[in-house]
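Q: Here is the input, now give the coordinates:
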Amino acid sequence: MNVLIVVATAGEAALLRELPPRARLVVSGVGPVASALATARALQESPADLVVSAGIAGAYPGSGLRPGDLAVSSRIVQADLGAWDGPAWLNLGALGLSVLPDGSHDAEFAVWDGAAAYAQAAEAAFGPMLTLSAVTGDTETAAALARRYPGALTEGMEGSGVAHAALLAGVPALEVRGVSNAVGPRDRAAWRIPEALRATRRGLDMLLGFKG
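A: Sure thing, here's the model as predicted:
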């Protein structure tokens, strides 16, 4: 299986060097737009059997995840694409809108059909993973997102962009992230980035050798 791995930063890429030849690594820049453009360009340059958004992420309250844990997506959600109607959140489906011209997609992206078996083999948490263009910085918003998307594991900034580009190219997608911190107030002293990166590397090594 030829795998395209998309990370946001050079720091994330540095730990992922010396991957097997069938894996190709692309540094996209931060955010869903940057990751979508980089993924689309990479797939135009060379096809892949699977596209993976990888890196570090924050974990939502109630997920049970701690720094250094590994998370794998059951679906990838662009969680801030929609509209507010007073205190009520309306996603694209509720608005009658879509990220695709045919009106068929509300920005909750399905993932590779081997994801559940892979997550089990990797001893990773398996559930929805949210993409936001701005990182959550308070406990109230973190809790609201966790309620809006039951079972949500992590928050990142690139997954949905990667998944959208992969969907348009007809290639399955997946998100694999190591947990660096809790979603909420920005307490940099509590972040565990090296542990998160090691978890990501472990997850990708398992994926590239996965036979399920």
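
Q: for this structure, what spans make up the helices?
A: Counting by DSSP state H, the chain has helices at residues 10-14, 32-45, 92-95, 115-121, 139-148, 159-169, 193-208.

Q: Low-confidence ranges, this structure, go.
A: Residue ranges of the chain with pLDDT under 70: 211-212.

Q: for it, which residue is closest to the average position?
A: G159 (3.5 Å; Cα atoms, centre = their mean).

Q: I'd like the distance between the spatially most distant residue from the centre of the chain and S46.
A: What lies farthest from the middle of the chain is G86; by Cα atoms, centre = their mean that is 28.7 Å. For G86, the distance to S46 equals 47 Å [Cβ to Cβ, to the nearest Å]. Quick note: C-beta positions are derived from backbone N, CA and C, even for glycine.

Q: Likewise for A23?
A: In terms of Cβ to Cβ, A23 sits 12 Å off from S46.

Q: How about P194?
A: With Cβ to Cβ as the criterion, P194 and S46 are 31 Å apart.

Q: Among those two, which residue is more densely surrounded?
A: Using other Cβ atoms under 10 Å as the criterion, P194 and S46 rank with P194 on top: 14 against 9.

Q: Check the spacing between the more buried one and E108 real quick.
A: 32 Å.

Q: thinking P32 is in contact with A165, fair?
A: No. Using Cβ atoms under 8 Å as the test, P32 is too far from A165 to be in contact (9.7 Å).

Q: Look up the closest residue to R186, ignoring the ones flanking it.
A: Nearest non-adjacent residue to R186, counting by Cβ to Cβ, 6 or more residues apart in numbering: G137, 5.5 Å away.

Q: hmm, I was thinking of Y60
A: In space, Y60 is closest to A146, 4.5 Å off (Cβ to Cβ, 6+ apart).

Q: got the contact list for the one you found?
A: For A146, the contacting residues are 60-63, 152, by Cβ atoms under 8 Å, 6 or more residues apart in numbering.

Q: Would you quantify the distance from it to A119?
A: From A146 to A119 the distance is 20 Å (Cβ to Cβ).

Q: got any residues that touch both of A23 and S46?
A: Joint contacts of A23 and S46 (Cβ under 8 Å, 6+ apart) are L4.

Q: residues of stretch 191-211 that come out buried?
A: 191-193, 195-197, 199-204, 206-208 (16 or more other Cβ atoms under 10 Å).

Q: Relative to S180, which of those residues is nearest.
A: Nearest to S180 out of those is A196 (Cβ to Cβ; 3.7 Å).

Q: re the thing from before, against R22, how distant is the residue nearest to Y60?
A: Counting by Cβ to Cβ, the gap from A146 to R22 is 36 Å.

Q: just to revisit the earlier point, look up how far A199 lies from the residue nearest to Y60.
A: 21 Å.

Q: Also G151?
A: Relative to A199, and taking Cβ to Cβ, G151 is found at 20 Å.

Q: cool, G68 as well?
A: 6 Å.

Q: Could you do L19 as well?
A: Where A199 is concerned, L19 sits at a distance of 16 Å (Cβ to Cβ).

Q: How about V33?
A: Taking Cβ to Cβ, one finds V33 at 26 Å from A199.

Q: Name the residues of stretch 51-64 that come out as buried.
A: 51-61, 63.
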